[in-house]
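> predicted model follows, preceded by the sequence.
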Amino acid sequence: MAADDVLQVTVTRRIRAPIARVFAAWTQPAHLLSWWGPTGVACVQAEVDLRVGGRYLLANRMPTGDVVRIEGVFEQIEPERRLVYTWSVDGRDSGQRVTVRFVAHGAQTDVHVVHERIPTEPERAGHEAGWIGCLQGLATHLGGAAP
């Protein structure tokens, strides 16, 4: 696949919580254990070294019982504004990158996720469903989604 053909996913959700709470929920392991993953997936391990060059690890127990490890390195951190990090599943370096932007709207926050450099359409569709589910979990964890 040529570089121009690499796929991406963009998902946005407005969360009924102030930006500080949303950013904390995205970056603190205790929160991640409560909401990370789409329906049917449970986050069973969360580690975050929130600094440029720091690593993160999220272990997801799938409905089948298998555990999938998502990990990567933080490339950019702008507290309460933006995170950019690499994305690897089960140790396979795919070159994928995730950018998460947080935009305050009073007591609510828009969360914009862009997952890029996805090599195949089936993988892109899986990531899209996963991110939609994750943002639903985040909204539920923090008190709901805005209309």
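Arrived safely. Numbering: from 1, shown residues only.

> just the element for H127, please.
Taking DSSP states H and E as the criterion, H127 maps to helix 121-142.

> buried set for the lowest-mean-pLDDT helix or strand in the chain?
Lowest by mean pLDDT, DSSP states H and E among the helices and strands of the chain is strand 92-105, with a mean of 93. Neighbour-count burial for strand 92-105, counted by 16 or more other C-beta atoms under 10 Å, picks out 96-100, 102-103. Bear in mind the C-beta positions are built from the backbone N, C-alpha and C, glycine included.

> quick one: distance of the helix holding H127 to the chain centre.
8 Å (C-alpha atoms, centre = their mean, to the nearest Å).

> kindly report the same for stretch 115-134.
Put simply, stretch 115-134 sits 11 Å off its chain's centre (C-alpha atoms, centre = their mean).

> same thing with stretch 17-37?
Relative to the centre of its chain, stretch 17-37 is centred 10 Å away, using C-alpha atoms, centre = their mean.

> could you dump it to CSV, C-alpha only?
C-alpha atoms of stretch 17-37 as CSV (Å, rounded to 0.1, in the frame of the first residue of the first chain):
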residue,chain,number,x,y,z
ALA,A,17,-17.6,17.2,32.0
PRO,A,18,-15.1,20.0,32.3
ILE,A,19,-11.9,19.6,30.3
ALA,A,20,-9.7,19.0,33.4
ARG,A,21,-11.9,15.9,34.4
VAL,A,22,-11.9,14.6,30.8
PHE,A,23,-8.1,15.0,30.5
ALA,A,24,-7.6,13.3,33.8
ALA,A,25,-9.8,10.4,32.8
TRP,A,26,-7.8,9.9,29.6
THR,A,27,-4.4,10.0,31.3
GLN,A,28,-4.8,8.4,34.8
PRO,A,29,-4.7,4.6,35.2
ALA,A,30,-7.4,4.5,37.9
HIS,A,31,-9.9,6.2,35.5
LEU,A,32,-8.8,4.2,32.4
LEU,A,33,-9.5,0.9,34.2
SER,A,34,-13.1,2.1,34.6
TRP,A,35,-13.9,3.2,31.1
TRP,A,36,-11.4,2.2,28.4
GLY,A,37,-12.7,-0.1,25.7
